[in-house]
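>>> Predicted structure and sequence below. I'll ask about it afterward.
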Amino acid sequence: MNFRALIVVGALIACATASGQTFKEEGRLFDKPSGTAQGASISAGTRANVIERQGFWIFIQVGGRSGWIKASALSFSSGGSGPTAIDTGRLGSGNIVSTSAARGLSAKDLLTGTPRIDEVVKMAQFSSDAAAVRQFASEGLVVAISKDVSLSAKPLAEDKRSASGHSPKASTKNGADDW
Amino acid sequence: MTSSVTAQTDEEKVGEVAAGRILGAAPLVDVAIAQRYLNLVGQTIAQSQDGGYKWRFGVLKTDSVNAFATPGGFVMVTVGLVKQLQSEDELAFVLAHEMAHVLRRHHYRVVLRQRLAEAAAKNLQAATDGSTNSALSQASAEIYARGLDKTSEFEADKLGVELMTRAGYDPAASIGVLERLQRIKGDDPRTELLFSTHPSPGERLDQLLQIGVDGLPRPTSDGVGKRAARFQQILKHF
């Protein structure tokens, strides 16, 4: 491998391991999730490295400091890691283009494969009856919520219709976020 | 090619044909315990909502990282995607996102618009299904190769998180899934189709946080841990 290739590989590795996000607004770090704010404020736009997540709290490193911050305090789409519009072949906002993947399930595979209705029929044999589903949920301590659960319909991006097509509802907030 | 006798509504017929196309590219993985597990998780989510669909779930035999939903209630996830997940709650988010596409009829509406366009071009009435199965099959493949618009994907994330939370799963798992997808290198060929047909994970994260996902009620940590353990048992089969 020549020197130029080594530089490229090194850069790719650096991008893959660092998960940099930015502060949406000025904020402070917390000593633990839902804990006490500490230290000086950090300016909006400051880049931070995500180290760990616990629920909706994220442990970050910023400058020479580290601490916890709510996920909602960060912008994840302004960081430099992960796929970009150039990587995915996406052109412009909202436009989607197909790509020619070298491996894996590709657009070409979908377009040229022979349909398998027998496999579709086979899917049904793995369904369970209602009693088995209830038992599964019970064993996993999955307890359905009876009250209304809905998120605000207001999206980030400007759009001519609401995200759900329904009237906006207030979100339910109980603040439980300690693990 | 004939459709199954189980297909009843037009929506189901469309979905069956589209699912057949996807399964033609990647068949069901031959791990019955994983297939049953996936169905149990999906049906647990389905039990707490009133969609009226006969849901069917399947794991596809491919390392590609992706998931699909076709009209009428057919939901498929790849082995590659399952291997990226760390818990049953994260799997619940993925399945709920796909179920949301079905409930909002995102793909079915595209098919209907195409029919109208074709009928208009041929100067025919658009009241009945004028497509043959093979034309429908090809059109379906193109929809999944091309992907939906961003608004539909954001809507599926929003409704998906609501569905999983209502069912009793942890909405914070949605953050885990998207953050992990974001860490995948952009040139990984296993994710090329996924990233070409969805907004970036970062955008999706920002959208969910903007609309208050972190304010949703969360289950107990005991339940999350227990479910993560049984998910890990299933992972061992891959």
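Thanks, I have it.
>>> Any idea how many residues pack against B:Arg113?
With neighbours defined by other Cβ atoms under 10 Å in any protein chain shown, the count for B:Arg113 comes to 10. In short, each C-beta sits where N, CA and C put it, glycine included.
>>> what about it, distance to B:Tyr144?
Noted for B:Arg113: a distance of 16 Å to B:Tyr144, by Cβ to Cβ, to the nearest Å.
>>> With B:Gln138 instead?
As judged by Cβ to Cβ, B:Gln138 and B:Tyr144 stand 11 Å apart.
>>> out of these two, which sits in the more crowded spot?
Taking neighbours as other Cβ under 10 Å, B:Gln138 and B:Tyr144 compare with B:Tyr144 leading, 25 against 15.
>>> if I look at that one, how far off is chain A?
5 Å (Cβ to the nearest Cβ, to the nearest Å).
>>> Pretty sure that residue sits against B:Gly20.
No. At 11.7 Å, B:Tyr144 does not count as touching B:Gly20 under the criterion of Cβ atoms under 8 Å.
>>> Spatially central residue for chain B, please.
B:Glu98 (2.6 Å; Cα atoms, centre = their mean).
>>> give me the element that one is part of.
helix B:88-103 (DSSP states H and E).
>>> dump the residue contacts of B:Gly24.
A:Gly113, A:Thr114, A:Pro115, A:Arg116, A:Glu119 (Cβ atoms under 8 Å, 6 or more residues apart in numbering or on different chains).
>>> Report the contact partners of the first one.
Translated: A:Gly113. Per Cβ under 8 Å, 6+ apart, neighbours of A:Gly113: B:Arg21, B:Gly24, B:Ala25, B:Ala141.
>>> Low-confidence bits of the chain, can you list those?
Chain wasn't specified; assuming chain A. Flagging of chain A using pLDDT under 70 yields the residue ranges A:1-20, A:79-104, A:153-179.
>>> Wait, chain B was what I had in mind.
B:1-7, B:51, B:121, B:123-132.
>>> where do the strands sit along it?
All strands of chain B, identified by DSSP state E, fall at B:56-60, B:67-70, B:74-78.
>>> And for chain A?
Remark: strands assigned in chain A by DSSP E are A:20-23, A:27-30, A:37-42, A:47-54, A:57-62, A:65-70, A:74-75.
>>> on that earlier part again, okay, angle between the helix holding B:Glu98 and strand B:56-60 too, please.
Relative orientation of helix B:88-103 and strand B:56-60, computed by axes from the mean of the first three to the mean of the last three Cα atoms, to 10 degrees: 120 degrees.
>>> does chain A sit close to helix B:88-103?
Yes. Counting by Cβ under 8 Å from any Cβ of the partner chain, contacts between helix B:88-103 and chain A involve B:Glu88.
>>> Kindly reformat the strands of chain B as TSV containing mean neighbour count.
Compiled in TSV, the strands of chain B are given as follows (neighbours: other Cβ atoms under 10 Å in any protein chain shown):
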stretch	mean neighbour count
strand B:56-60	26
strand B:67-70	26
strand B:74-78	26
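>>> Quick one: closest of the ones you listed to A:Phe76.
With Cβ to Cβ, the closest approach to A:Phe76 among the strands of chain B belongs to strand B:67-70: 20.2 Å.
>>> out of the contacts of B:Gly24, which are buried?
A:Gly113, A:Pro115, A:Arg116, A:Glu119 (16 or more other Cβ atoms under 10 Å in any protein chain shown).
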